[in-house]
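1. Okay, predicted coordinates and the sequence, questions at the end:
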Amino acid sequence: MSYVKLEHRHLGDDRWLDLSPAAFTVHVWALDHCNEQATDGAIPKTRAVRLVCPVDPAEIPPAWAELIASELWAEEGDEYVCPDFTAHGIAAAEQNATRSKWAEDKRRQRLHAVGNHHLCTDRCKAKAAEVDSSPVVHQWTSGRSDQTRPDQNPKGSGSGRTAAEQRLGRPAHVWADDCCHLPASHPIHHADDGQRSA
């Protein structure tokens, strides 16, 4: 993603008229180094005099002196700094954000290739298929409204009625709160020892 931009206004700057070709070459290689290392236009002096560029090593220190004198670069402590760096390269914060995004995209692509779609976007057809085919969880409930009461239809009763129910023609166990809703004349209120009243 690293590049250095040189526009016509940069090349047409009158300051270049009095500078040597070595100064221009050092300038471009230093911009490239700062952009690649995301330093926002700062290069240590120890690195600046050891640039790997098509300039004789003996000419590099004088080239830096020209760049400083022309104010294309400034000297700040142990570094040389280009005041107009963002006109040539990408700011460090932008580079880091872009690289993080590229790394995230690359990781998603690698996981997608091996069938892991948890980082995929909604455009991923495989992820959509996984969601559509996901098992449905059912919550099973008993037909009885009150789970604290015993089952009034035990297994093995054939018709679903207990022997007492078949004999009496009514449920063998009737709860008190259920009886409250029956009329007073209902046979259940008159049952005695399991035998229905006449």
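-> Okay, I see it. From a predicted model like this one, the values you see are computed outputs, not experimental measurements. Residues are numbered from 1 along each chain as shown.
2. give me the low-pLDDT residue ranges for the chain?
-> 1-2, 102, 128, 130-198 (pLDDT under 70).
3. all helices of it, in order?
-> 8-11, 21-37, 45-48, 60-69, 92-113, 125-132, 163-168, 176-179 (DSSP state H).
4. could you check the angle helix 92-113 makes with the second one?
-> Right, helix 21-37. Relative orientation of helix 21-37 versus helix 92-113 (axes from the mean of the first three to the mean of the last three Cα atoms, to 10 degrees): 50 degrees.
5. Kindly export helix 21-37 (C-alpha atoms) in PDB.
-> Taking Å, rounded to 0.1, in the frame of the first residue of the first chain, the C-alpha atoms of helix 21-37 are listed here in PDB:
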ATOM      1  CA  PRO A  21      20.100  15.900  -8.400                       C
ATOM      2  CA  ALA A  22      21.500  14.100  -5.300                       C
ATOM      3  CA  ALA A  23      19.300  16.200  -3.000                       C
ATOM      4  CA  PHE A  24      16.200  15.400  -5.100                       C
ATOM      5  CA  THR A  25      17.000  11.700  -5.000                       C
ATOM      6  CA  VAL A  26      17.600  11.700  -1.300                       C
ATOM      7  CA  HIS A  27      14.400  13.600  -0.800                       C
ATOM      8  CA  VAL A  28      12.300  11.000  -2.800                       C
ATOM      9  CA  TRP A  29      13.900   8.000  -1.100                       C
ATOM     10  CA  ALA A  30      13.500   9.600   2.400                       C
ATOM     11  CA  LEU A  31       9.800  10.300   1.700                       C
ATOM     12  CA  ASP A  32       9.400   6.600   0.600                       C
ATOM     13  CA  HIS A  33      11.100   5.400   3.800                       C
ATOM     14  CA  CYS A  34       8.800   7.600   6.000                       C
ATOM     15  CA  ASN A  35       5.700   6.400   4.200                       C
ATOM     16  CA  GLU A  36       6.700   2.700   4.400                       C
ATOM     17  CA  GLN A  37       7.500   3.000   8.100                       C
END
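6. Great, nothing more from me.
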